[in-house]
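Q: Sequence plus predicted model, see below.
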Amino acid sequence: MIEIIENSIQLVIALGCTVTAVYRGIRVKRREWVLMALFSGSYFLGDLYWLLFLLFYGETPDFSYIPDMSWYAGFLFLLILLLQFREGFQTSRKKILWLVPVFTVSMCAFYMQWGSYISNIIYAALLTLILLKAVDGELTVREGTEQKNYHMLFRMTMFFCAMEYCMWTASCFFEGDSLRNPYYWFDILLTVSLIGFIRAVRRAVDG
Amino acid sequence: MNYIENIYVCLAVPLLIAAICSLRKTRQLFLFFLAGMTACLLSSYISTFLAASAGAGQLAATLTITPPVEEFMKLFPFLFYLLVFEPKKEQVSGCMLMIAAGFATFENVCYLTQNGASSLLHLLIRGFGAGAMHVACGAILAGGMILLWDRIWLRLAGAVGLLSVAITYHGIYNILVSQQGAAAIVGYLFPVVSVAAGVILIRRLSLLPR
């Protein structure tokens, strides 16, 4: 039951974020808002498929690749959004960036004990690229320029990725459909980060 | 037994003759429509083969195999057109919508031959629902591609992302219409409402400066 409630909350917030992003896209006519709408819209569709399956069949889908595809698409649009904002940025090439692939590849190998290999590899590849762009962006933003407005977007992206990893890790160790399962706490925080993205994109686009 | 290839030949021949006799722009539309019908025929074969290989029942195949196969097959003629003919941005949406319309038309004809044409109300609901769903999936791809047109990498990455979105959208429709009662009605209305909303949005967003 808690899974249905929590999914419904995420669904409503993802829909709200999509509508807001579309509205802002129409108002200010900037592609960044279209990408934000595609990111939250993909998330919304993946959640909707998952929730409908839960409601009608009382279980999570045996073949979860259809909602997974929607979430891959969401990550892909987030990556394109970051690339769009990072146009004109210099890459920092700092050695600390190597920590990102080391972390994501290790986590991918760890999750492969439970999930499918292909799905884990796709998620790891997408999150590696997203995290690299976000961490690199955070390190190279120049204070005192227009770029300072991008801080929130890069930090929000890192927070979003961290919540994804916390959720997946929690699902490896905790089971049960109750609020005591930390999976649901992290999923709620991830839902909150979707609202944070709207604020972050607004700050980055409008200044 | 449903001889869909025979139905395909009967429908495709007049379209092909009309395409040969018509001028360039109209011919393109006929050929895209035909490409959509061909995609439908091939996806029917592929879905049946995959369902048999995986040992999936009709419901499992409808929910998990049909959406990706149909959306992939609709994308192929579109990708071929994009990569070989390198069309202008404004030519893209018409192409994808004709492919989707051809696909939906052939699917509806096959449905009629299998289930009969006695209930006009049911066929109207199904016609609008399935037709709008295929057009909506086509519009997701075409509309998204127009918005992400500037660079080739953006177009390719966008096509992958939008295809995934279209597959999930198709999956949601299939889940809803495979139920009984109110859920099925919501399922048939879901694409009609989203096509209407999409048309308004695309018109408002089509003047994006960047």
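A: Good, I have the coordinates.
Q: Skipping adjacent residues, who's closest to B:I20 in space?
A: B:R27 (7.7 Å; Cβ to Cβ, 6 or more residues apart in numbering or on different chains). For every residue, glycine as well, the C-beta is placed using N, CA and C.
Q: distance of A:V12 from chain B?
A: As for A:V12, its distance to chain B is 16 Å (criterion: Cβ to the nearest Cβ, to the nearest Å).
Q: can you check A:Y65 too?
A: 8 Å.
Q: number of nearby residues for the closest residue to that residue other than its chain neighbours?
A: Of all residues not flanking A:Y65 in the chain, A:S119 sits nearest, at 7.1 Å (Cβ to Cβ, 6+ apart). Burial measure for A:S119: 17 neighbouring residues, criterion other Cβ atoms under 10 Å in any protein chain shown.
Q: and A:S119, what element?
A: helix A:117-140 (DSSP states H and E).
Q: helices or strands next to the helix or strand that that helix is followed by in the packing?
A: With elements assigned by DSSP H and E, the helix or strand that comes after helix A:117-140 is helix A:151-173. Where contact means 3 or more Cβ pairs under 8 Å, 6 or more residues apart in numbering or on different chains; DSSP states H and E, helix A:151-173 is packed against helix A:65-85, helix A:99-111, helix A:117-140, helix A:182-206.
Q: What residues does chain B have near chain A?
A: Residues of chain B that fall close to chain A, judged by Cβ under 8 Å from any Cβ of the partner chain: B:60, B:63-64, B:67-68, B:144, B:147-148, B:154, B:157-158, B:160-162, B:164-165, B:167-169, B:171-172, B:175-176, B:179, B:183, B:201, B:204-205, B:207-210.
Q: What subset of the residues you listed is buried?
A: The neighbour count (16 or more other Cβ atoms under 10 Å in any protein chain shown) marks B:63-64, B:67-68, B:144, B:147-148, B:154, B:157-158, B:161-162, B:164-165, B:167-169, B:171-172, B:175-176, B:201, B:205, B:208 as buried among those.
Q: Point to the residue nearest the middle of chain A.
A: The centroid of chain A falls nearest to A:F160 when counting by Cα atoms, centre = their mean (5.2 Å).
Q: Which positions in stretch A:46-54 come out as buried?
A: For stretch A:46-54, a neighbour-count test (16+ other Cβ under 10 Å) marks A:G46, A:D47, A:L48, A:Y49, A:W50, A:L51, A:L52, A:F53, A:L54 as buried.
Q: now the residues you listed as JSON lines including pLDDT?
A: Below are these laid out as JSON lines (pLDDT from 0 to 100):
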{"residue": "A:G46", "pLDDT": "91"}
{"residue": "A:D47", "pLDDT": "90"}
{"residue": "A:L48", "pLDDT": "92"}
{"residue": "A:Y49", "pLDDT": "91"}
{"residue": "A:W50", "pLDDT": "88"}
{"residue": "A:L51", "pLDDT": "89"}
{"residue": "A:L52", "pLDDT": "90"}
{"residue": "A:F53", "pLDDT": "87"}
{"residue": "A:L54", "pLDDT": "85"}
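Q: mind putting those residues in JSON lines, secondary structure and distance to chain B included?
A: Converted to JSON lines, the buried residues of stretch A:46-54 look like this (DSSP: H, G, I helix; E, B strand; the rest coil; distance: Cβ to the nearest Cβ, whole Å):
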{"residue": "A:G46", "secondary structure": "helix", "distance to chain B": "6"}
{"residue": "A:D47", "secondary structure": "helix", "distance to chain B": "10"}
{"residue": "A:L48", "secondary structure": "helix", "distance to chain B": "6"}
{"residue": "A:Y49", "secondary structure": "helix", "distance to chain B": "5"}
{"residue": "A:W50", "secondary structure": "helix", "distance to chain B": "10"}
{"residue": "A:L51", "secondary structure": "helix", "distance to chain B": "10"}
{"residue": "A:L52", "secondary structure": "helix", "distance to chain B": "5"}
{"residue": "A:F53", "secondary structure": "helix", "distance to chain B": "7"}
{"residue": "A:L54", "secondary structure": "helix", "distance to chain B": "11"}
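Q: which pair in those spans the largest distance?
A: Using Cβ to Cβ, those span at most 12.8 Å, a distance reached by A:G46 and A:L54.
Q: Would you mind listing where the chain has pLDDT under the threshold?
A: Here I'm looking at chain A. For chain A, the stretches with pLDDT under 70 are A:61-64, A:88-92, A:142-147.
Q: oops, I was thinking of chain B
A: Looking at chain B by pLDDT under 70, you get B:1-2, B:202, B:204-210.
Q: Can you check which helix is longest in it?
A: Counting by DSSP state H, the longest helix found in chain B is helix B:24-54.
Q: chain center to that one: distance?
A: 9 Å (Cα atoms, centre = their mean, to the nearest Å).
Q: Can you mark which positions in it are buried?
A: B:28-41, B:43-44, B:46-47, B:50-51.
Q: Please apply the same query to stretch B:100-118.
A: B:A100, B:A101, B:G102, B:F103, B:A104, B:T105, B:F106, B:E107, B:N108, B:V109, B:C110, B:Y111.
Q: Narrow the residues you listed to those in strands?
A: Using DSSP state E, no member of these sits in strands.
Q: of the residues you listed, closest to chain A?
A: When the buried residues of stretch B:100-118 are ranked by distance to chain A (Cβ to the nearest Cβ), B:A100 comes first, at 17.9 Å.
Q: Name the helix or strand for the spatially closest residue to the closest one that is not a sequence neighbour, please.
A: Once flanking residues are discounted, B:A100 sits nearest to B:G138: 3.1 Å by Cβ to Cβ, 6+ apart. Take DSSP H and E as the rule and B:G138 turns out to sit in helix B:120-147.
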